[in-house]
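Participant: quick one: sequence and predicted model below, then my questions.
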Amino acid sequence: MSLEAILGRIDADQGAALERLFALLRIPSVSTDPAYAADCLSAADWLVRDLASMGFDAARRDTPGHPMVVAHGGAGARHFLFYGHYDVQPADPLELWKSPPFEPVLRETPCGEVISARGADDDKGQLMTFLEALRAWKAVTGQLPCRLTVLLEGEEESGSPSLVPFLKANAEELRAELALVCDTGMWDAETPAITTMLRGMAGVEITVQGADRDLHSGQYGGPAINPIRVLARILAGLHDDAGRITLPGFYEGVHDLPAELAAQWEGLGFDAGAFLGAVGLSVPAGEAGYSALVQKWARPTCEINGIWGGYTGEGFKTVLPAEAHAKLTFRLVGDQNPERIMASLEAYVRAGLPPDCKVRFRHKTPSRATVLPSGSEDFARARAALSGEWPKPAVFAGSGGSIPVVGHFQRILGMDALMIGFGQADDAIHSPNEKYDLASFRKGARSWARVLAALTEPEGEAKGSGA
């Protein structure tokens, strides 16, 4: 196998690769809107044909929602599962786009050329970087680099309702040594990243009820309990003055950051002032004793996302509301147990209720945090491979958000995931004028070729060329 020849093929085929990506981007596969159901089918069928053209045994697998695309191909000692998603977010508001969202264009920016379209980054451009690496490999060597299973989902942007049942029903078919996931980004334009930590999440809506109807504040103010005042006091007690969360047992399963990883993150030079300044803030307000980067990647949180009750329209309506409401989400790390945390929260709220108040809870389906084996040989090989393509060495990064499929792979299929993506912080995913850097598309494909070589050949990266 000549990695140099494969990288050269990727470069030589850039024009055709862009045409293929643009064809996929033109399909408005918006999963959350039933009006686009036929387009989701079209996107799935397009990918089936593209995978089949590379020798995969590919099929559209229908679900109660939008279909999965499943493909099998290649041979060899190693077996990997590649995951991406072909559905996209709605394009609204359309009037804010510089060009139609499903008519992809190349646009020149001060930082270089970009691909502009809905799904350019999330996730069509990302998944096509992997497929273009495979296409070049097949063209140069006549075969795929290893045994591969491809799973492309059509409901990621609408909550993945069909994913867990599909994984459970097809676990034996989909199980591999390691999953390769492309739905992530880089640290910056010159520094690739492998995401090794994902925070989990638990969410709840709390409703505190007092009287059986809204009350006139002149007649009842004073004697009657006000649910907003009760709820505000309860919520205020969830954090102490140092920013720590006060729920009993909340920090069970939270682990200290390994020293080597902490040193690597410190070396990234994260500017908390610039990070907050970009949104009009200046002072880190989280848990005392931890840097802003550690707070957002490796510490748990409790955030009040919304609070309401009574009259909120123009002017005044002098009422004591019958109910007060709040929505909370918890970002979880390590081995925190979301069910136990929700039980602790309910007990805390109930203990804070005065007489005549009742409470209801409505829970969001929780997900646990995910920690991946960054000390393993596969992760070390992948990091070295990425470092050979980009100007700066790859880093092991955390993520403040959640990618639930990675946890599903661990718990249902029993395998870890290597999360590598080439998105940038300014790609405006989910927003108007989403883009994907042309450099991310080209060098992303080259990066995947390097990673596959490193994972499947004992001396894979040593055979490669420079960027």
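Facilitator: Okay, I see it.
Participant: so which bits of stretch 272-284 are buried?
Facilitator: 272, 284 (16 or more other CB atoms under 10 Å). Quick note: C-beta positions are derived from backbone N, CA and C, even for glycine.
Participant: should've said stretch 57-72
Facilitator: Buried residues in stretch 57-72 (16+ other CB under 10 Å): 58-59, 61, 63, 65-72.
Participant: and what of stretch 306-325?
Facilitator: 309-310, 319-325.
Participant: what helix or strand does Val405 sit in?
Facilitator: Using DSSP states H and E, Val405 maps to helix 404-408.
Participant: and the pLDDT at the residue nearest to the spatial centre of the chain?
Facilitator: Nearest to the mean C-alpha position of the chain, by CA atoms, centre = their mean, lies Ile403 at 4.1 Å. According to the prediction, Ile403 has pLDDT 88.
Participant: and if you look at the one 5 residues further on?
Facilitator: According to the predicted model, the pLDDT of His408 comes to 94.
Participant: quick check: it touching Phe166?
Facilitator: No: taking contacts as CB atoms under 8 Å, His408 lies outside contact range of Phe166: 9.9 Å.
Participant: what's the domain layout of the protein?
Facilitator: Domain segmentation of the chain under automatic domain parsing yields 3-198+369-463, 200-254+300-367.
Participant: which one of those lies closest to Gly277?
Facilitator: domain 3-198+369-463 (14.6 Å; CB to CB).
Participant: can you give the distance of the closest one from its chain's centre?
Facilitator: Mean-position distance between domain 3-198+369-463 and its chain equals 12 Å (CA atoms, centre = their mean, to the nearest Å).
Participant: could you grab the helix/strand/coil label for the residue lying farthest from the centre of the chain?
Facilitator: Distance from the centre of the chain peaks at Gln219, with 51.2 Å (CA atoms, centre = their mean). Assigned by DSSP: H, G, I helix; E, B strand; the rest coil, the conformation of Gln219 is helix.
Participant: so how far is Leu320 from it?
Facilitator: According to CB to CB, to the nearest Å, Gln219 and Leu320 sit 9 Å apart.
Participant: please apply the same query to Ser387.
Facilitator: Distance from Ser387 to Leu320, by CB to CB: 63 Å.
Participant: my guess is His430 meets Gln89, correct?
Facilitator: Yes: assessed by CB under 8 Å, His430 is found in contact with Gln89 at 4.8 Å.
Participant: overlap of the contact sets of these two?
Facilitator: Asp122 (CB atoms under 8 Å, 6 or more residues apart in numbering).
Participant: out of the two, which sits in the more crowded spot?
Facilitator: Legend: neighbour count by other CB atoms under 10 Å for His430 and Gln89, higher for Gln89 (20 against 13).
Participant: okay but that one is in contact with Glu157, surely?
Facilitator: Yes: between Gln89 and Glu157 there is a contact under CB under 8 Å: 5.2 Å.
Participant: overlap of the contact sets of these two?
Facilitator: 30, 32.
Participant: wait, Ala394 sits on Ile194?
Facilitator: Yes: when contacts are counted by CB under 8 Å, Ala394 is listed as touching Ile194 (6.2 Å).
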